[in-house]
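[1] Fold the stuff below for me.
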Amino acid sequence: MKRFFTTFFTLGLIASLLTGCIINVNPDDNYNPQDERTATFNLTDFDRLNMGSAFAITVTQGASFAITARGYRNDVDDLNVFVRNGVLNAEYRVNRNRRYKMQFTITMPTLRGVDFSGASQSNVSGFRNLAELSIALSGASKGTFDVQATRTVVNLSGASEGRLNGSGTTLQADLAGASTLRSFDYPTTDAILDVSGASQANIAVSRNLNVTASGASTVRYRGNPTIEQRLSGASTVRPE
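    Presented below is the predicted three-dimensional model:
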């Protein structure tokens, strides 16, 4: 019975998060391609990203900075894009629930962290030899990251999904609210996981695996690590 109410609460939380997200309108719904426009933002000196509002985000490594946004003219005109304390921020000035798809394309020399929210969809690639990378996805966001970092810190919440490709040395991940981490293709030496609320983690680890899991969560692993685990609420840790 306790497990039933835990799962019911988690699903209710996810539903409330999705209700608050921006809804992308079907492009075929009274949409004229001539109403699309592309905006360029001449901003530099950032190594972190903070974006949401159901944006589609593509980030690649390059020698210089470049930022473009393409979408419905009125939506593009409503964008507020700025850099503050080394963080590139993008948001709408006016809060409206219905928006057409907004595509951001970003090139930057290096990356320290991202915070993507509000049902955003992201693809990050090309960054190698990073000392540390922080990834935060919330509000039913999805992201794919093809990177290489010595230390990778991942925070997923609100039914978000993160996929890691590449390699790292240490992976620290905090998953909550029916979120999913897929990192079989991101082998690490050590991993520390805190997984709750019916979340799932798939990882590849060779030396040490430390897991705290609750609320019917699941951890699957590849490799032959030494395992330290603290499990509750029908959670499991098992080899792939």
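
[2] Okay, and the beta partners of Gln103?
    Per DSSP bridges, the residues bridged to Gln103 are Ala56, Arg70.

[3] Any figure for the gap between it and Gln61?
    19 Å (CB to CB, to the nearest Å). C-beta: built from backbone N, CA, C; applies to glycine.

[4] go on, Gly197?
    Distance, Gly197 to Gln61, by CB to CB: 34 Å.

[5] Quick check on those two: which one has the bigger neighbour count.
    With neighbours defined as other CB atoms under 10 Å, Gly197 and Gln61 compare such that Gly197 has more, 24 against 16.

[6] any idea what that one is structurally, helix, strand or coil?
    Counting by DSSP: H, G, I helix; E, B strand; the rest coil, the backbone at Gly197 sits in coil.

[7] Quick one, grab the pLDDT at it.
    We have a pLDDT of 98 for Gly197.

[8] Next: Arg98.
    In this model, Arg98 carries a pLDDT of 78.

[9] Kindly report the same for the one 5 residues further on.
    Reported pLDDT at Gln103 in the predicted model: 98.

[10] hang on, isn't it packed against Asp75?
    No: taking CB atoms under 8 Å as the definition, Gln103 is not a contact partner of Asp75, at 10.7 Å.

[11] Just give the closest residue to Val237, not the sequence neighbours.
    Val219 (4.5 Å; CB to CB, 6 or more residues apart in numbering).

[12] Make sure the one you found is actually in contact with Ala201.
    Yes: under the criterion of CB under 8 Å, Val219 makes contact with Ala201 at 4.8 Å.

[13] Between these two, which contacts overlap?
    Common contact partners of Val219 and Ala201 (CB atoms under 8 Å, 6 or more residues apart in numbering): 193, 195.

[14] where in this protein is pLDDT low?
    By pLDDT under 70, the low-scoring segments of the chain are 1-34.

[15] again, only using 80
    The model of the chain has pLDDT under 80 over residues 1-34, 97-98.

[16] which residues touch the residue nearest the centre of it?
    Taking CA atoms, centre = their mean, the centroid of the chain lies closest to Leu137, which sits 3.3 Å from it. Leu137 is in contact with 116-117, 120, 122, 143, 155-157, 160-162, 179, counting by CB under 8 Å, 6+ apart.

[17] do you know how far the closest residue to it other than its chain neighbours is from Ala136?
    Distances taken as CB to CB, 6+ apart place Ser160 nearest to Leu137, at 3.9 Å, with adjacent residues excluded. Using CB to CB, we find Ser160 at a distance of 9 Å from Ala136.

[18] what about the two, which has more around it?
    Higher neighbour count among Ser160 and Ala136: Ser160, with 28 against 20, using other CB under 10 Å.
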